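Student: Okay, sequence plus prediction incoming.
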Amino acid sequence: MFREKMVTPAIPERVFTLCKIVEKRALSSSDLKGKMEPDYLKQTSSYFSDYRTAAEELKLITVSDNMISLAVDPSVIKTTASMRRYVNGILSEFQNGQFYQVTKTYFEMDSNVLNGEKSLVALAPIMSKQLNRSVDAMAMRAWRFWVSYLGFGYLQDMFFIPNAAAFLEDIISIAEIEKGRRYSFGDFIAKIRPYSEIIMNQDPENRQLNYGVSNGLRTLHDAGIIKMEHILDQEDIWNLYPLKAHPISGTVTNITLCKKEV
């Protein structure tokens with residue numbers, strides 16, 4: 001799912017449920033499959049190997065002598081939100097995988113996504129051309145589940161609106177940004193960049209933030225989680241995607257993590 005091709009059965013809910021089942025004790029692969037896909041459901045297809053592989057790729061579980069056990073502290077899978085934060089913190093390990101590359105390409109398309117295809121399935125040929133690797137319709141269907149769950153934006157039918165608010169909120173907590181401290185925007189970007197290159201411009205020197213990242217930052221600003229400012233006479237000026245209707249319409253120089261829980 002993350003290392004190579006994306007597959008639709010490996011949805012976040014199945015990965016989370018699998019982990020919760022083995023939270024207390026290890027189970028054999030057959031016993032775990034029986035709990036996830038009981039015989040009385042009379043399913044004609046088994047998806048177990050797909051979501052088990054996803055959980056293993058994410059290092060949530062370990063498989064030894066055909067026994068599957070939880071590989072992380074139980075706090076990681078306490079809730080779906082805590083698992084999301086964990087996954088967002090390790091996405092940089094999958095830079096060569098389809099999920100990482102499709103997500104990065106989608107954010108690089110900026111606001112052009114609003115004027116193009118309104119179906120993710122129809123984007124498959126475009127992604128294949130951009131990435132110079134095969135991305136089919138099934139992969140794009142699989143992408144929508146995880147890109148929504150991990151907080152990169154909002155899904156409307158089969159159209160995805162990039163807004164990385166939830167993802168950025170997780171990354172801010174992982175990057176240990178100090179609450180109440182006013183950072184220059186460049187220092188803030190430097191702290192979150194190791195975890196957020198999946199959606200960031202490849203060249204930080206141009207100080208441009210794309211449409212999806214700008215949407216996310218403005219959403220966090222409106223929610224009182226962060227405070228963005230343009231302070232006169234500051235040299236570290238960054239450009240958000242322009243939005244005249246918003247109080248932070250274009251440029252920013254500083255950002256503060258407000259003193260509330262992230």
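Tutor: Yep, that arrived.
Student: Would you mind measuring from residue 18 to residue 34?
Tutor: The gap separating residue 18 from residue 34 is 12 Å, by CB to CB, to the nearest Å. Bear in mind the C-beta positions are built from the backbone N, C-alpha and C, glycine included.
Student: How about residue 244?
Tutor: From residue 244 to residue 34 the distance is 58 Å (CB to CB).
Student: Neighbour count: these two, which is higher?
Tutor: residue 34 (13 against 6; other CB atoms under 10 Å).
Student: Pull the residues that contact whatever helix or strand that one lives in.
Tutor: Assigned by DSSP states H and E, residue 34 belongs to helix 29-36. Helix 29-36 is contacted from outside by 14, 17-18, 21-22, 27, 46, 48, 51-52, 63, 66-68, using CB atoms under 8 Å, 6 or more residues apart in numbering.
Student: Tell me which of these fall in strands.
Tutor: Residues of these located in strands (DSSP state E): 27, 63, 67, 68.
Student: For the first one, name its beta-bridge partners.
Tutor: Looking back up the chat, that one is residue 27. Beta-bridge pairing for residue 27 (DSSP bridges): residue 68.
Student: What's the local residue count around it?
Tutor: Neighbourhood size, residue 27 [other CB under 10 Å]: 18.
Student: OK, contacts around it?
Tutor: Listed by CB under 8 Å, 6+ apart, the contact partners of residue 27 are 21, 35, 67, 68, 69.
Student: Grab the nearest non-local neighbour of the third one.
Tutor: The reference is to residue 67. Nearest residue to residue 67, sequence neighbours excluded (CB to CB, 6 or more residues apart in numbering): residue 26, at 4.7 Å.
Student: For the helix or strand residue 169 falls within, which helices and strands make contact with it?
Tutor: Taking DSSP H and E as the definition, residue 169 sits inside helix 165-174. Here helix 165-174 touches helix 80-90, helix 185-196, helix 211-222, going by 3 or more CB pairs under 8 Å, 6 or more residues apart in numbering; DSSP states H and E.
Student: I'd like the average pLDDT over stretch 252-261.
Tutor: Over the span of stretch 252-261, the pLDDT mean works out to 87.
Student: likewise stretch 237-246?
Tutor: The average pLDDT for stretch 237-246 rounds to 94.
Student: Look at residue 57 and say how many residues are nearby.
Tutor: Quick note: residue 57 (other CB under 10 Å) scores 19 neighbours.
Student: For it, give me its contacts.
Tutor: Residue 57 is in contact with 1, 2, 3, 94, counting by CB under 8 Å, 6+ apart.
Student: Would you mind giving those residues as TSV with secondary structure added?
Tutor: Shown next, in TSV, are the contacts of residue 57 (DSSP: H, G, I helix; E, B strand; the rest coil):
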residue	secondary structure
1	coil
2	coil
3	coil
94	helix
